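Undergrad: generate coordinates for the sequence data below:
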Amino acid sequence: MLRAITSDLNKKSVLIADDHNLVAEAFSILLEQTGQYSVTVVHDLMDAKAAIVAHGPFDLALLDIRMPGMEGGKSIAEMVHRNAPGKIAILTGGLVGIGAAEVYAAGASGILLKSKPITDTLESIKLMLAGGRHYPMLDAVPLTQFTQPARATAVVH
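TA: Residues are numbered from 1 along each chain as shown. As a prediction, this is how the structure comes out:
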């Protein structure tokens, strides 16, 4: 029994917040099958906030950019603050009404495109958990060109 408890302690905690059940469940299964992650799934921003309060910061929270409650960079910055020191990444089929630079400026560790292959997605998650950034939509533009606020300046309601 102790082995199981120890093994769970070594897993990275991941919150998946996506209003599409199929997407949320598929990401959850994908991550859990690696044996490296324990996953919590919610379907809107309010439930994501509640999950962070109940669980404490997740190592990584994956947020759908177009789920109920999300209001672009403002919501991202708030979640970066709430989940600190854990990471925040955006899940998207394509950014609409918000640009990758705004996601970066809000403090997210990256963007995961739902259209990418599984192996790319898993590598991107590992990169972000290790402290790196993953911005495939800005590959041709140096990230240093964009301003990123300090985490402490995020406004939380």
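
Undergrad: so what's the residue nearest to Met46 when sequence neighbours are not counted up against?
TA: Distances taken as CB to CB, 6 or more residues apart in numbering put Gly69 closest to Met46, at 5.5 Å, once the chain neighbours are dropped. The way it works is simple: take the backbone N, C-alpha and C, and place the C-beta from them, glycine included. Contacts for Gly69 (CB atoms under 8 Å, 6 or more residues apart in numbering) come out as Asp44, Leu45, Met46, Ala48, Ser75.

Undergrad: now list the buried members of the residues you listed.
TA: Asp44, Leu45, Ala48, Ser75 (16 or more other CB atoms under 10 Å).

Undergrad: format these as CSV; extra columns: secondary structure.
TA: Listed next are the buried ones among the contacts of Gly69 as CSV, based on DSSP: H, G, I helix; E, B strand; the rest coil:
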residue, secondary structure
Asp44, coil
Leu45, helix
Ala48, helix
Ser75, helix
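
Undergrad: so the residue lying closest to Gly93 once chain neighbours are set aside versus Asp19, what's the distance?
TA: Excluding its sequence neighbours, the residue lying closest to Gly93 (CB to CB, 6+ apart) is Lys114, at 4.6 Å. From Lys114 over to Asp19 the distance is 13 Å, taken as CB to CB, to the nearest Å.

Undergrad: identify the contacts common to these two.
TA: Contacts common to Lys114 and Asp19, judged by CB under 8 Å, 6+ apart, are absent.

Undergrad: strands along the chain, start to end?
TA: Listed in chain order, the strands of the chain (DSSP state E) span 12-17, 37-42, 60-64, 87-92, 110-113.

Undergrad: which of those sits closest to Glu25?
TA: Closest approach to Glu25 among those is made by strand 37-42 (6.9 Å; CB to CB).

Undergrad: each with direction, which strands does that closest one pair with?
TA: strand 12-17 (parallel) (DSSP bridges).

Undergrad: so Leu30 sits right up against Lys116, yeah?
TA: No - contact criterion CB atoms under 8 Å: Leu30 and Lys116 do not qualify, at 11.9 Å.
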